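> Next input, structure requested:
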Amino acid sequence: MKIRLAEIGDLSRINDIYNTFVEKSTATFDTQPTSIEQREEWFAQHGGIYPVLVAEEKEVMGWGSLSPFSQRPAYRFTVEHSIYVAEEYQRQGIGTRLLEELMARAIEGGFHTMVARITGENQASVNLHKKYGFEQVGLLKEVGYKFGRWLDVIYMQKILSRG
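Numbering: from 1, shown residues only. Presented below is the predicted three-dimensional model:
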């Protein structure tokens, strides 16, 4: 498996993976599928210290990205990340590899801390983040509503540098 920077030609597959989560999962709080035009706009906002990565073998199996945590200047050393692995490739270490590479890219980009927002019922993601030293720093109760039920959001954080 190869982890590489995403290219414009990957956007259809990235979008398909994401939209499966929109339609079948609470891993994202989006409730309507994302159009390819929306995905292209999202992709244009990434690059440099905010990469989009893909895990690929014969096809793109998953993707991850770094995004600004907030647009306010004092947050400039904090980054939020996302990871999505296609249903048929889950539990094969792809999320682990993407998280490892995102952490390395965040350090290279000069970020001090990484933040993850995880749906309260996504124990696999919580466990993955704990394995890499992320700590739960917050819990927002019943802030999302999807599939007829209220959902919690867990905030997890990892300090990357102590300087």
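> Now do the same for the nearest residue to Gly144 once chain neighbours are set aside: helix, strand or coil?
With C-beta to C-beta, 6 or more residues apart in numbering as the criterion, Gly144 has its nearest non-adjacent residue at 4.1 Å, and that residue is Leu151. Where you see a C-beta, it was placed from the backbone N, CA and C, and this is true even at glycine. Under DSSP: H, G, I helix; E, B strand; the rest coil, the three-state class of Leu151 is strand.
> contacting residues around Leu151?
Counting by C-beta atoms under 8 Å, 6 or more residues apart in numbering, Leu151 touches Thr26, Phe29, Thr119, Gly120, Glu121, Glu142, Val143, Gly144, Tyr145.
> Buried members of those residues into ChimeraX, please.
To isolate the buried members of these in ChimeraX, using 16 or more other C-beta atoms under 10 Å:
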select :119,120,144
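> Between the contacts of Leu151, which sits nearest Glu135?
Gly120 (15.8 Å; C-beta to C-beta).
> So the closest one is in contact with Leu139, correct?
Yes. Here Gly120 reaches Leu139: they are 7.2 Å apart, a contact under C-beta atoms under 8 Å.
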